[in-house]
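Peer 1: would you be able to build a 3D model of this:
(one chain, ligands or ions: 1)
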Amino acid sequence: PVLVVDYGAQYAQLIARRVREADAYSEVVPSTASVTDILAKDPAAVILSGGPSSVYADGAPQVDPALFEAGVPVLGICYGFQAMASALGGTVAQTGLREYGGTQLRASTDGSTLLDGQPAEQSVWMSHGDAVTAAPEGFSVVAQSAGAEVAAFEDDERRLYGVQWHPEVAHSSFGQQVLENFLRRGAGVPADWTAGSIIDEQVELIRAQVGSGRVICGLSGGVDSAVAAALVQKAVGDQLTCVFVDHGLLRAGEAEQVERDYVAATGVNLKVWDASEAFLAALAGVTDPETKRKAIGREFIRAFEAAAREVIEDAAEASTAAGSGADGDGEVRFLVQGTLYPDVVESGGGEGAANIKSHHNVGGLPDDLQFELVEPLRALFKDEVRAVGAELGLPAEIVGRQPFPGPGLGIRIIGEVTRERLEVLRAADAIAREELTAAGLDSTIWQCPVVLLADVRSVGVQGDGRTYGHPIVLRPVSSEDAMTADWTRMPYDVLARISTRITNEVAEVNRVVLDVTSKPPGTIEWE
Ligand code: XMP
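Peer 2: Residues are numbered from 1 along each chain as shown. Sure thing, here's the model as predicted:
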C-alpha cells in the first residue's frame, strides 16, 4: 500500500482518497506508528500528511530520520514537509508571514518530478505559519511562494519529495497531478487499484473466510449492503441468503424497492423479515440517541438470528424434498456487513475498529453475537463501493442511491419513536424526496435527512384556526464521503414547494425549517 501518516487535522483521509483516485491502494496510519511498523506493511510509498502542530511546539510529532534511509519513496505535505526538512538537516523557521488559503506559486517545472507538465504560475492551497527556509542537502528547490522560499523540494536519487501546499484539496489547481507525479514518476507505484482488481481480491478473501459455510446478509436497500451482498454472492453463490428486516423504521416504498431493483438484478435468495413489533417495543420510552442506536442494533441481530434459524429449516426441508440428505452445515455462521473504510478510520483504525464500525452500521452489536462478521468493503471509500457495484452489474438505481442510515427513521425522530410519529415523518420524507427528485437534485445532494422534532411544538395558523404542531427539519448536505459536509445551497422555489406541500398534506406539521450547519460542527444526522 501507499501509507499516509496522519499528523492530525482531516487531511490524511483526504490524501488517502486522492491516492486511490490515482488507482493506487492506500491506508492511513497514525503518527505514533514506528518506522518498524511502517516498514512491516511493505509500503510502495509513504506520504506524511499535514497537521496542526508547529515542528517547534512541545510534543509535536516528529519524523524518525530512519524512515528516509529505508529506501522507501516519501512525500511530505505541509507539516509533513516541514518535519521532513527538519529531520534531514534543513531549516524551518517562523518567518512571520503566514499563508492561509489560495496562494500564488512560482514553480520551476523544468526537470522537476512533481511539477512536470504544469504551468510555472499556479494557485495552490496553503495553510502554514512556519516555513522551510533552507532545504536539506541533496534537495533541489522547485517552487516558491511569497511566504515560503522553499515551497517544494525533491531529491530524485533518494526518492524524497515535499510540498508546502495541500495538493489533496480541490483548491490546489494541479494538486492531483502533483500526487500522481509523485506516485508514478517519483515512486514508481503502478496504477492497479481498480474496481476489477478490488472485486477479484475480495472474492478470493471471502471464499477463504467462508469456505462452504452459510452466510446471511442484511439488505437495507442502501448501496453498501447491496454491494457487499453482491460481492459475497459472486464469491459463494447460493450459500448466501439476504435478509431484509422490515423494522418499521423504513421510508415509504423501501421494501418494494429492494425486491424490485435488487432481487431482480441479482436473483439472490431473499427473506423479508417483519420485526416491526419487536423494534417498536424495544424503542418504547427511549429518547437518548445512543440508547436508541444500541436498542436498534440489538434488535437487528435478534432478527438476523431468527431469520438464520429459518434459513437452516428451509435448507433442511429442501434437501429432504430433493432426497439428497446433504445439507452443508446446520448453522449460519457468517453475517455480512457493509462496513466502510471511513468508519474504520474514524474509530481509530486497527485496534477495536471492527467493533466500532459494526456499531456504526447497525447501531451497536450485542456482546453475545453468534455470527462471525464478513466485511468485504472495510477497505473502501463510498465512491469505490459505487464503482465496484457498477462493475458487478448492479443497476444505477442502487449504486447511485443516496446514503440512508441503518437505524432508519428511528434516529430522525428527536424524542421517543412511536408508530404515529413514524407515520408523520414517513409522509413528510416522501414529499421531500419526491420534490427533490422532480427538481433533478438527487445527484447534487449527497443526502437530505428529514427530521421530526417530535417533542417540540410551535404555534401556527391554518385555515381560520390556531395550530400547535411539530416542526420538520430539512437537512440537505453536499459531501464527498460524509466525513465532512456542507449544507446544500438549493433553489428557494424547491424549498418552498416542499414546505408548502408538507404543511398542507401532513396534518401534524405546521412548520418546515432548513438546517444550515456544516459538518463539523454538526453531524449529518441529528442523532
Ligand atoms: P453523521 O450523522 O455521523 O453521518 O454525520 C455520516 C453518514 O453516516 C450515516 N449514518 C449511519 N449509517 N448506521 C449507518 O448505516 C448508522 O448508525 C449511521 N449513523 C449515521 C449518515 O446517514 C451519513 O451518511
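Peer 1: now Ala131: phi and psi?
Peer 2: phi -150, psi 150 (degrees, to the nearest 10).
Peer 1: and Ala120, by the same measure?
Peer 2: phi -70, psi -30.
Peer 1: where does the closest residue to it other than its chain neighbours land on pLDDT?
Peer 2: For Ala120, ignoring the flanking residues on the chain, the nearest one in space by C-beta to C-beta, 6 or more residues apart in numbering is Ala107 at 5.3 Å. Any C-beta I mention is one placed from the backbone N, CA and C, and that applies to glycine too. Note on Ala107: pLDDT of 95.
Peer 1: give me the distance between whichever strand or helix holds Val19 and the centre of its chain.
Peer 2: Using DSSP states H and E, Val19 sits within helix 11-21. Offset of helix 11-21 from its chain centre (C-alpha atoms, centre = their mean, to the nearest Å): 12 Å.
Peer 1: likewise stretch 127-135?
Peer 2: The chain centroid and the centroid of stretch 127-135 are separated by 32 Å, computed with C-alpha atoms, centre = their mean.
Peer 1: buried stuff in it?
Peer 2: Buried residues in stretch 127-135, counted by 16 or more other C-beta atoms under 10 Å: 127-128, 130-132, 135.
Peer 1: likewise stretch 86-96?
Peer 2: Applying a neighbour-count criterion of 16+ other C-beta under 10 Å, one finds 86-88, 90, 92, 95 buried in stretch 86-96.
Peer 1: any idea which of those is the one closest to Arg184?
Peer 2: Minimum separation from Arg184 among the buried residues of stretch 86-96 (C-beta to C-beta) is found for Leu88, which lies at 23.7 Å.
Peer 1: residues contacting the closest one?
Peer 2: 65, 68, 136-137, 139, 160 (C-beta atoms under 8 Å, 6 or more residues apart in numbering).
Peer 1: sorry, back to before: and the residue nearest to Ala120, how close does it get to the ligand?
Peer 2: 37 Å (C-beta to the nearest ligand atom, to the nearest Å).
Peer 1: and the strands in the stretch 201-350 of the chain?
Peer 2: Listed from the start of the chain, the stretch 201-350 of the chain has strands (DSSP state E, counting those that start in this stretch) covering 214-218, 240-246, 269-274, 332-336.
Peer 1: and of those strands, who's closest to the ligand?
Peer 2: strand 214-218 (10.4 Å; C-beta to the nearest ligand atom).
Peer 1: related to what we said a few turns ago, ok, the buried residues of stretch 127-135 vs the ligand, which is closest?
Peer 2: Nearest to the ligand out of those is Ser127 (C-beta to the nearest ligand atom; 23.6 Å).
Peer 1: how far does stretch 215-229 sit from the chain's center?
Peer 2: Using C-alpha atoms, centre = their mean, the offset of stretch 215-229 from its chain centre is 16 Å.
Peer 1: CA atoms only: put that stretch into PDB for me.
Peer 2: Output of stretch 215-229 as PDB, limited to C-alpha atoms (Å, rounded to 0.1, in the frame of the first residue of the first chain):
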ATOM      1  CA  VAL A 215     -23.900 -16.700   5.100                       C
ATOM      2  CA  ILE A 216     -26.600 -14.200   5.700                       C
ATOM      3  CA  CYS A 217     -26.500 -10.500   4.700                       C
ATOM      4  CA  GLY A 218     -28.900  -7.800   6.000                       C
ATOM      5  CA  LEU A 219     -30.000  -5.900   3.000                       C
ATOM      6  CA  SER A 220     -31.100  -2.300   3.800                       C
ATOM      7  CA  GLY A 221     -31.800  -1.200   0.300                       C
ATOM      8  CA  GLY A 222     -28.700   1.100   0.500                       C
ATOM      9  CA  VAL A 223     -25.600   1.000  -1.600                       C
ATOM     10  CA  ASP A 224     -23.200  -0.600   0.900                       C
ATOM     11  CA  SER A 225     -25.200  -3.600   1.900                       C
ATOM     12  CA  ALA A 226     -26.200  -4.200  -1.700                       C
ATOM     13  CA  VAL A 227     -22.600  -4.100  -3.000                       C
ATOM     14  CA  ALA A 228     -21.400  -6.200   0.000                       C
ATOM     15  CA  ALA A 229     -24.100  -8.800  -0.800                       C
END
